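Colleague: Got a predicted structure here, sequence first:
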Amino acid sequence: MNHSIFAATIFSVVCCLSPSLAAEEEEGFRFLATGDLPYTPEQDLPFRRLLKQSEREDFAFLMHVGDIKAQSMPCSDETFGKIRDLFRTYPKPVVYTPGDNEWTDCHGTGSDPIERLGKLRELFFHETSTLRLSQLQTVHQSRHTQFSQYVENYRFQKSGVMFIVTHVVGSGNNMRTADADAMQEFEQRNTANTAFLNESFAAAQASDASGVALVIHANPDFEKGEDPGFTDFLATVRAFLQEYRRPVICIHGDTHYYRIDQPFRRATGKLWLNFTRMEVFGSPNVAGVAVTVDPADPLLFQFRPYYLEQ
């Protein structure tokens, strides 16, 4: 890709926004982030009640960062279909990225992980009515022929903030060295992810994005970065932070520990002060996080736990 042409095209689109649209783009908004839920039948009902409760709120969209079932539960079409239907009936767009329990760990319940990944893409992303991402004007990596299967990698911009949803999962990102099929899948998706991140980071800079939100499933170990399955992801984010000085957040799940911190360091040991990680609650806690984007706030992002009303 010719990055100068790409940047010029985006710049011209941004400059041609009407004053009314530009003003609208500067408005703040909220969304609800969840993940690693529901894991059990006992969690299913309160999770549905939580989402139903959220429909009364002014959330612009629902975000689910993956793991729609427990690792020990069957990776069946029926299991997937229940959550697919829940997302489909939610009245606002659903920003979803797959978790490891949906496919990489399915060998533990007698299913083929690669086949299950294909089914996830079919059930959640092939019908636009399921997640209604078109309402967010998402740009999908699958528009490129060489990456046509990666329908789950997409980005969108709202109120000047670039959201980048990338398929990075737990269980080492499916980097299982003893499994040739898993390694082939990992290497191809890792290449696609890196290309998509670089393209999206370039788009964020070209459009003068006021902030960037990375959305993945896995906890990639920002503190130590010792898992080789996440090496390229961390390196790509680190390279972007070298150039981009505005707020960047990474929203993920995987380790079921609600936290907001700044764990990512430069090679010198100093923190990236413009980088924040927010991990959602996850099983056994049926809760979400209300995220506010406020263009008037220098930190841009605000976080507040969101619980089921008693």
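Modeller: Great, that's in hand.

Colleague: quick one, strands of the protein?
Modeller: Using DSSP state E, the strands of the chain run over 29-34, 59-64, 94-96, 139-140, 154-158, 161-165, 211-215, 248-252, 259-261, 275-279, 288-293, 301-306.

Colleague: so for the last one, what's the average pLDDT?
Modeller: Mean pLDDT, computed over strand 301-306, is 98.

Colleague: Just list what the helix ranked longest in the chain packs against, helices and strands only.
Modeller: With residue count as the measure and DSSP state H as the assignment, the chain has helix 180-206 as its longest helix. With contacts defined as 3 or more C-beta pairs under 8 Å, 6 or more residues apart in numbering; DSSP states H and E, the packing partners of helix 180-206 are helix 3-15, helix 113-125, strand 161-165, helix 231-243. All C-beta atoms are positioned from the backbone trio N, CA, C, and that covers glycine.

Colleague: Deepest in the core, which of the ones you listed is it.
Modeller: The highest mean neighbour count among the helices and strands packed on helix 180-206, using mean count of other C-beta atoms under 10 Å, belongs to strand 161-165: a mean of 24.

Colleague: and residue 150, what is it in contact with?
Modeller: Contacts of residue 150 were listed using C-beta atoms under 8 Å, 6 or more residues apart in numbering, and they are 140-142, 167, 189, 192, 196.

Colleague: Swap in 6 Å and give it another go.
Modeller: With contacts defined as C-beta atoms under 6 Å, 6 or more residues apart in numbering, the neighbours of residue 150 are 141-142, 192.

Colleague: if we can go back for a sec, any chance of the strands of the chain in CSV, plus distance to residue 83?
Modeller: Formatted as CSV, the strands of the chain follow (distance: least, C-beta to C-beta, whole Å):
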stretch, distance to residue 83
strand 29-34, 11
strand 59-64, 8
strand 94-96, 9
strand 139-140, 21
strand 154-158, 19
strand 161-165, 17
strand 211-215, 17
strand 248-252, 19
strand 259-261, 25
strand 275-279, 20
strand 288-293, 15
strand 301-306, 19
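
Colleague: neighbours of residue 64, just the number please.
Modeller: Per other C-beta atoms under 10 Å, the neighbour tally for residue 64 reads 29.

Colleague: distance of it from residue 251?
Modeller: Separation of residue 64 from residue 251 (C-beta to C-beta, to the nearest Å) stands at 11 Å.

Colleague: Report the mean per-residue pLDDT for stretch 112-120.
Modeller: Stretch 112-120 comes out at a mean pLDDT of 97.

Colleague: thinking again about what came up before, quick check: which of the helices and strands packed on helix 180-206 is nearest to residue 211?
Modeller: strand 161-165 (4.7 Å; C-beta to C-beta).

Colleague: Give me the buried stretch members for stretch 50-62, please.
Modeller: Neighbour-count burial for stretch 50-62, with 16 or more other C-beta atoms under 10 Å as criterion, is recorded at 50-51, 53-54, 59-62.

Colleague: And for it, what's in contact with it?
Modeller: Taking C-beta under 6 Å, 6+ apart as the criterion, the residues outside stretch 50-62 that touch it are 29-32, 90-95, 286, 308.

Colleague: okay, and for the stretch 1-150 of the chain, where does confidence drop off?
Modeller: For the stretch 1-150 of the chain, the stretches flagged by pLDDT under 70 are 1-25.

Colleague: how about 50 then?
Modeller: Along the stretch 1-150 of the chain, the parts satisfying pLDDT under 50 run over 1-24.

Colleague: Distance to residue 86 added to the helices and strands packed on helix 180-206, as TSV?
Modeller: Putting the helices and strands packed on helix 180-206 into TSV (distance: least, C-beta to C-beta, whole Å) gives the following:
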stretch	distance to residue 86
helix 3-15	35
helix 113-125	11
strand 161-165	19
helix 231-243	29
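
Colleague: Which one of the ones you listed lies nearest to residue 101?
Modeller: Closest to residue 101 of these, according to C-beta to C-beta: helix 113-125, at 10.4 Å.

Colleague: distance between the longest helix of the chain and the chain's centre?
Modeller: Centroid displacement of helix 180-206 relative to its chain, using C-alpha atoms, centre = their mean, to the nearest Å, is 14 Å.

Colleague: neighbours of residue 153, just the number please.
Modeller: With neighbours defined by other C-beta under 10 Å, the count for residue 153 comes to 25.

Colleague: roughly how far apart are it and residue 259?
Modeller: In this structure, residue 153 and residue 259 are separated by 25 Å, where distance is defined by C-beta to C-beta.

Colleague: how about stretch 204-224: buried residues?
Modeller: For stretch 204-224, the buried set under the neighbour-count rule, 16+ other C-beta under 10 Å, comprises 204-207, 209-220, 222.
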